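1. Dropping the sequence and predicted coords here.
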Amino acid sequence: MARSPQKKSSAPVSGNAVTADLVAVLVAVTDGTPKIMTIAGGSALPSGPFEFTHRSLQTALRAWVEAQTGHPLGYVEQLYTFADRGRSGDAKGPHSVSISYLGLTREDKVGEGFEAHWSGWYDYFPWEDHRAGAPACLAKIIAPQLKAWAKAASSPTLQRERWQRCAITFGLDDRDWNEELVLQRYELLWEASLIPEAGRAHGREAPVVPGKPMTADHRRILATGIARLRAKIKYRPVVFELMPAEFTLLQLQRSVEALAGRLVHKQNFRRLIEQQELVEETGAMAADTVGRPAKLFRFRHAVLAERAVAGTKLPLSRT
């Protein structure tokens, strides 16, 4: 039976106090779509305050996530602690510290009575999905807005410095796109006041680039989680935490591409998986594939005990 979400503490807080908010970036990949667990109509990540009754930070996080989503947490790792005053848009309130965590899971149906649902993470960062080439919003909206911001700097030197940052971060002026710079791109848009979160913090209307905003600093936390995961899939087999028990190599490839926002070279990818001995055949065939039946594989958990998996850099396409 579904439990109702716990209510956050309403105890008065001193103006000089510091509160700690625990925030979860819970990721799943379904049919080639990376998703995150959200609450409040998709505008917030599961979160709640750390209270004296909690035995530890992780215990508190697990309690809040399960209460709000009905989804028990498996493995989680701490992402980052954000303590910037004013980023939440409420500079007059108590100073809030956000302690964020990343969790990997598989999508399941949210139980009745819970406010959570799964949201596609590219709804919040449409400029990050390059699987079909550079998104149109980059050239049509984001680049012109950033160029105007750079030109508005007070000196030619600062103008050049601003534009160089923009070009490197967003892969402009024939520079390569670096899929790991998710947080840097978000922070640059915030600095240039091009997203609603910056407008809230500065008390004014902000020009809006595509992408769904989130409450407080939750989209910044989400950007941190995406960047961490994009970097980590290149040297640790964490993608298997997101896969079903049995899968085809194409399903595995599509999941990696979904997370990276980039295509991978099919043959190089399969050769790498085989060389690393990360998977083994199950002996069964997938029944729902189009055309020739595909072999089913499973992750070899023994690889973690045999050796530290390093040097497994994925062959991301640069074309």
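-> Yes, it's here.
2. Which pLDDT value goes with A20?
-> As predicted, A20 sits at a pLDDT of 86.
3. Check whether it sits in a helix, strand or coil.
-> Three-state call for A20 (DSSP: H, G, I helix; E, B strand; the rest coil): strand.
4. Next one: the nearest residue to it once chain neighbours are set aside from T81, what distance?
-> Distances taken as C-beta to C-beta, 6 or more residues apart in numbering place F50 nearest to A20, at 4.2 Å, with adjacent residues excluded. The C-beta positions use only the backbone N, C-alpha and C, and glycine is treated the same way. Distance of F50 to T81, given as C-beta to C-beta, to the nearest Å: 12 Å.
5. End to end on stretch 210-217, go ahead and measure it.
-> 17 Å (C-alpha to C-alpha, to the nearest Å).
6. re the thing from before, got any residues that touch both of F50 and T81?
-> Here F50 and T81 share the contacting residues I99, scored by C-beta atoms under 8 Å, 6 or more residues apart in numbering.
7. Kindly format the C-alpha coordinates of stretch 183-202 as CSV.
-> As requested, the backbone C-alpha atoms of stretch 183-202 are provided in CSV (Å, rounded to 0.1, in the frame of the first residue of the first chain):
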residue,chain,number,x,y,z
LEU,A,183,27.5,21.7,-15.7
GLN,A,184,29.8,24.3,-17.3
ARG,A,185,27.2,24.9,-20.0
TYR,A,186,24.4,25.3,-17.5
GLU,A,187,26.5,27.6,-15.4
LEU,A,188,27.4,29.8,-18.4
LEU,A,189,23.7,30.1,-19.3
TRP,A,190,23.0,31.1,-15.7
GLU,A,191,25.8,33.6,-15.7
ALA,A,192,24.5,35.1,-18.9
SER,A,193,20.9,35.3,-17.4
LEU,A,194,19.5,33.2,-20.2
ILE,A,195,17.5,30.7,-18.1
PRO,A,196,14.6,31.3,-15.7
GLU,A,197,16.5,30.2,-12.7
ALA,A,198,18.9,33.1,-13.1
GLY,A,199,16.0,35.5,-13.5
ARG,A,200,14.5,34.3,-10.2
ALA,A,201,17.8,34.7,-8.4
HIS,A,202,18.3,38.2,-9.8
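8. quick one: buried residues of that stretch?
-> 183-186, 188-190, 192-201 (16 or more other C-beta atoms under 10 Å).
9. Tell me which residues touch K35, please.
-> K35 neighbours (C-beta under 8 Å, 6+ apart): V27, A28, V29, E107, W118, S119, G120, W121.
10. which of these lies closest to T248?
-> V29 (14.1 Å; C-beta to C-beta).
11. The strand or helix carrying the closest one pairs with which strands, parallel or anti?
-> Assessed by DSSP states H and E, V29 sits inside strand 18-30. Sheet partners assigned to strand 18-30 using DSSP bridges are listed as strand 33-38 (antiparallel), strand 47-49 (antiparallel), strand 95-104 (parallel).
12. Is it possible to get CSV of those strands that adds distance to A152 and mean pLDDT?
-> Output for those, formatted as CSV (distance: least, C-beta to C-beta, whole Å; pLDDT from 0 to 100):
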stretch, distance to A152, mean pLDDT
strand 33-38, 34, 96
strand 47-49, 35, 91
strand 95-104, 30, 89
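13. can you list those in a markdown table and add distance to W177?
-> Output for the strands paired with strand 18-30, formatted as a markdown table (distance: least, C-beta to C-beta, whole Å):
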| stretch | distance to W177 |
| --- | --- |
| strand 33-38 | 17 |
| strand 47-49 | 31 |
| strand 95-104 | 23 |
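14. This completes my enquiry, with thanks.
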